[in-house]
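In: next come a sequence and a model predicted from it.
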Amino acid sequence: DQLLATATVVLANRRESEQACDFAMPVLPSPATLPLFRPPGVFGQKVDIRAASPGPPFNRPDMRSQSWIREDSGRPVDAVQIAFLSDVYAPRVFCISDGPRPSSTVRLAINFLAGPDELAAIGDDYLLAEVEGTRIEQAHAGSQSRLWSPHGALLATSEQLCWFR
């Protein structure tokens, strides 16, 4: 009888149009050359994270991170995988903390930019997640992210608001 989540979905048909993108995918080492990191818990056993910059999620000089990420099932990347992978990074409050702390996503908005051909070309390969913190204050932390295909296509952007204690 309790409302635990809400969702709004807006759908549109894709059609040919003009193209532009103000962002460029950063050039980073191959995921195969970076150490594997798994977050704690059941969730962490399902994701393969290869942090390219910086290393540990705690006591960092800024709230930015770049990581190669993928889900371990071998399932090809689709919209559901994009939604899941848009929320695998550590809450930005961890960057200014000594260690993990209770936190929860309050709002996550994902903008799906990839077309079906771009997703099909990925298979189950890694995606590059770029994450920036926006502001941390009054027990809330904001962040923005971009997910890139291994071929350099911007697949999705997201904005998250996280509560923490």
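Out: The structure has been received and is ready for your questions.
In: which residues touch the nearest residue to Phe37 once chain neighbours are set aside?
Out: Nearest non-adjacent residue to Phe37, counting by C-beta to C-beta, 6 or more residues apart in numbering: Ile49, 4.5 Å away. Using the backbone N, CA and C atoms, a C-beta is placed for each residue, glycine as well. Residues near Ile49 by C-beta atoms under 8 Å, 6 or more residues apart in numbering: Leu36, Phe37, Arg38, Pro39, Ser67, Trp68, Ile69, Val88.
In: what about the helices in this structure?
Out: With DSSP state H as the criterion, the chain has helices at 41-44, 79-85, 116-122.
In: to Glu130, which of those helices lies closest?
Out: Among those, helix 79-85 comes nearest to Glu130, with 12.3 Å by C-beta to C-beta.
In: and the residue nearest the centre of this structure?
Out: Ser86 (3.4 Å; C-alpha atoms, centre = their mean).
In: distance of it from Arg75?
Out: Applying C-beta to C-beta, to the nearest Å, the value for Ser86 to Arg75 is 16 Å.
In: with Pro102 instead?
Out: 30 Å.
In: go on, Ser149?
Out: For Ser149, the distance to Arg75 (C-beta to C-beta) stands at 16 Å.
In: then Val106?
Out: If you go by C-beta to C-beta, the gap between Val106 and Arg75 works out to 28 Å.
In: okay, now the unreliable bits of the protein?
Out: 54-56 (pLDDT under 70).
In: in it, which spans are strands?
Out: Ranges of strands within the chain are 47-53, 65-71, 103-112, 127-137, 140-148, 154-164, based on DSSP state E.
In: buried set for the fourth one?
Out: So that's strand 127-137. Within strand 127-137, the residues that qualify as buried are Leu127, Leu128, Ala129, Glu130, Val131, Gly133, Ile136, counting by 16 or more other C-beta atoms under 10 Å.
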